[in-house]
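**Q** Quick one, what's the 3D model for this:
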Amino acid sequence: MTFGGLHPGMKYNVSIVTVGARTRSAATYRIIATKPLAVLGLTTSAHDTTSIVVTWTVNAESKQEKFLVIYKGVDLPVQEMEEVLYDMMKVEYMVTLRNQIQPGQTYSITVKAISNEAFSDSIIKHQTSKPSLVENLMAQALSETEGHVTWGVANNSKQDEFIIKYKKTDFAIVWEVKTSKTMSSRLTGLPAGDPITIQVMASSNGVTSDPEFITFITYPYAPDTIWVVPGSVTTTSLNLSWDYSNVTTHVSSYHIKYAEVSRYNFQTPMDRNATGKSVIIDGLVPGRNYTFEVFAVTMNYVESLSGIRINATIKPICDSVIHERVSGTSNSSISFTYNESSGEFDTYKFCLTNDCNQSVTRDRYSPQKTVDFSHDIIPGQLYQIHAFTVSGLLQSKPKMELIRAVPNRVTVIKKSSTTTSVRLEWDRPYGVVSYYEINCPDCPAQLGREKRVHQIAQQDVYEIKYVNLVPFNAYDFSIIAITGMGKNEKRSGQTVISVITKPSGTLYCMDFITVLYGYMSMLCFVMCQSFI
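**A** Residues are numbered from 1 along each chain as shown. You can find the predicted model right below:
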């Protein structure tokens with residue numbers, strides 16, 4: 001028999017009487033309770049790694065005395081229960097389950113209302129507790145745009161995947177998100193030289209652990225162009241500059257390493273720091289070849305994986321002393337010697353003029369220390385010798401010395417005499433002449449035995465005249481071409497000529513013979529000197 005219209009969760013006293021045609025049995029009594037209605041609005045949430053919060057609302061149309069919360073891990077053998085007494089002053093109930101709750105486990109949670117030992121229908125929810133925090137979180141940059149992050153987990157925690165969130169820059173608003181089934185992840189597409197903030201969470205059935213944070217910095221890009229500032233190389237320093245062509249990177253300073261080329265990879269290089277894209281490196285050794293490498297550095301002192309290199313040679317010095325070889329310098333050649341220069345270099349280079357139309361190159365260690373220039377030498381010309389040391393493609397500042405070629409001898413083209421005078425004429429010799437010196441040792445001293453004739457531009461023929469001489473007497477004359485002055489003065493060889501003045505009046509035979517004998521003796525002497 002079914003009774004309708006009863007109130008849920010109530011207790012009813014039911015009596016049963018058997019009725020016959022003429023008789024009625026004694027009443028039999030039974031206590032019957034109706035089932036309470038199921039709770040409403042059952043919700044669950046993971047409070048932390050070892051507790052789950054369960055909430056529900058009482059069904060106002062039902063009577064209940066208490067509530068039973070039954071929970072069991074899906075993968076665990078033990079079932080747990082908790083009772084919550086009904087409070088007529090409360091509509092909403094909350095209970096925190098803590099007993100035997102393990103991190104990351106999924107639990108089946110059942111809530112029943114109880115009234116007069118009658119149970120309502122079960123309301124079941126599944127809830128996963130929070131997984132434990134990841135442990136030993138580490139991150140490192142792999143390159144300018146890639147990083148690698150690793151972590152561990154607690155032994156008693158369960159998780160089915162990990163969630164990695166990261167900001168590509170400090171100022172990014174949106175977090176990038178990726179998942180991983182393993183305890184490591186490779187991050188790509190990162191900005192170079194930037195701090196990368198990462199959070200890693202364990203996830204179990206969609207429930208995530210609290211995040212663990214770490215920050216690392218990607219490597220910056222090194223500059224991709226480098227050059228030595230033109231004209232900046234000296235004997236001890238140079239100016240380096242560098243730049244980026246089309247790469248964006250976050251850099252606050254630069255680290256410059258340098259050493260001699262042959263030693264760069266085998267010894268600890270020297271270094272400098274620079275905040276801009278240029279630096280002057282000083283204290284270098286003249287003539288040596290150096291390797292320079294520039295690295296980029298972030299504001300957190302992360303240095304680029306590699307640098308950009310350039311080799312440069314420091315300008316050598318030349319402190320050789322040039323000595324003219326007087327015996328080797330003539331009207332057709334310039335000759336000099338030099339001593340060893342200090343510093344590092346490969347070769348010597350000697351130039352006859354500023355434009356180096358004529359040059360001689362010598363190996364640094366050549367034992368030959370004499371240099372001769374004999375091509376197209378102009379007699380009497382003053383030449384400026386330029387001596388360089390050369391290292392690589394660089395040459396030192398020149399060490400200069402002035403050397404003058406010997407002027408050409410004078411050629412007498414005409415001589416004449418009277419009884420008391422002698423006149424000589426000669427052509428301008430090829431080359432450079434400042435003046436001519438004429439000497440007559442037998443001429444009267446009071447009249448001047450030595451005379452000078454200065455060379456005049458555009459004049460090709462020169463002459464000299466000696467007067468007040470003795471009639472019918474032999475005189476020797478020497479003519480020398482001279483150019484320059486002081487230590488650069490050069491004198492040609494002597495041109496010697498003998499002239500006899502004409503006789504005056506009648507000479508006695510003996511006198512004539514005596515004079516003739518003297519003349520012949522003098523002529524013989526002059527000729528012998530000329531041959532010598």
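**Q** what phi and what psi does the backbone show at Gln446?
**A** Backbone torsions for Gln446, taken as degrees, to the nearest 10, come to phi -70, psi -20.
**Q** just the strands in the stretch 351-500 of the chain please.
**A** For the stretch 351-500 of the chain, the strands defined by DSSP state E, counting those that start in this stretch cover 359-363, 370-373, 382-391, 394-395, 399-404, 412-417, 422-427, 435-439, 450-454, 461-466, 474-483, 490-491, 495-500.
**Q** And the stretch 151-300 of the chain, by the same measure?
**A** Using DSSP E, counting those that start in this stretch, strands in the stretch 151-300 of the chain cover 161-167, 176-180, 184-187, 195-204, 207-208, 212-217, 225-228, 238-243, 253-260, 270-274, 278-281, 289-297.
**Q** Let's have the strands of the stretch 351-500 of the chain in a markdown table, adding mean pLDDT, mean neighbour count and distance to Ala192.
**A** (Glycine included, C-beta is placed from N, CA and C.) Listed next are the strands of the stretch 351-500 of the chain as a markdown table, based on pLDDT from 0 to 100; neighbours: other C-beta atoms under 10 Å; distance: least, C-beta to C-beta, whole Å:
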| stretch | mean pLDDT | mean neighbour count | distance to Ala192 |
| --- | --- | --- | --- |
| strand 359-363 | 94 | 13 | 49 |
| strand 370-373 | 94 | 17 | 57 |
| strand 382-391 | 93 | 20 | 38 |
| strand 394-395 | 88 | 20 | 36 |
| strand 399-404 | 93 | 18 | 50 |
| strand 412-417 | 92 | 14 | 88 |
| strand 422-427 | 94 | 19 | 82 |
| strand 435-439 | 94 | 18 | 78 |
| strand 450-454 | 88 | 13 | 79 |
| strand 461-466 | 92 | 16 | 83 |
| strand 474-483 | 94 | 20 | 71 |
| strand 490-491 | 94 | 20 | 71 |
| strand 495-500 | 94 | 18 | 85 |
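**Q** Would you mind saying which of those lies nearest Ile198?
**A** strand 394-395 (51.1 Å; C-beta to C-beta).
**Q** What strands flank that closest one, and is each parallel or antiparallel?
**A** In the sheet, strand 394-395 lines up against strand 382-391 (antiparallel) (DSSP bridges).
**Q** Strand 359-363 and the partner strand, what's the angle between them?
**A** Orientation note: strand 382-391 sits at an angle of 40 degrees relative to strand 359-363 (axes from the mean of the first three to the mean of the last three C-alpha atoms, to 10 degrees).
**Q** Please put the alpha-carbon coordinates of strand 382-391 into PDB.
**A** Extracted C-alpha coordinates of strand 382-391, given in PDB (Å, rounded to 0.1, in the frame of the first residue of the first chain):
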ATOM      1  CA  LEU A 382     119.200  67.900 -52.700                       C
ATOM      2  CA  TYR A 383     117.300  64.700 -51.900                       C
ATOM      3  CA  GLN A 384     115.100  64.000 -48.900                       C
ATOM      4  CA  ILE A 385     115.500  60.300 -47.800                       C
ATOM      5  CA  HIS A 386     112.400  58.900 -46.200                       C
ATOM      6  CA  ALA A 387     113.000  55.800 -44.000                       C
ATOM      7  CA  PHE A 388     110.000  53.700 -42.900                       C
ATOM      8  CA  THR A 389     109.400  50.500 -40.900                       C
ATOM      9  CA  VAL A 390     106.500  48.500 -42.300                       C
ATOM     10  CA  SER A 391     104.300  46.100 -40.400                       C
END
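**Q** Run through the bridge partners of Ser241.
**A** Ser241 has these beta-bridge partners by DSSP bridges: Trp227, Ser278.
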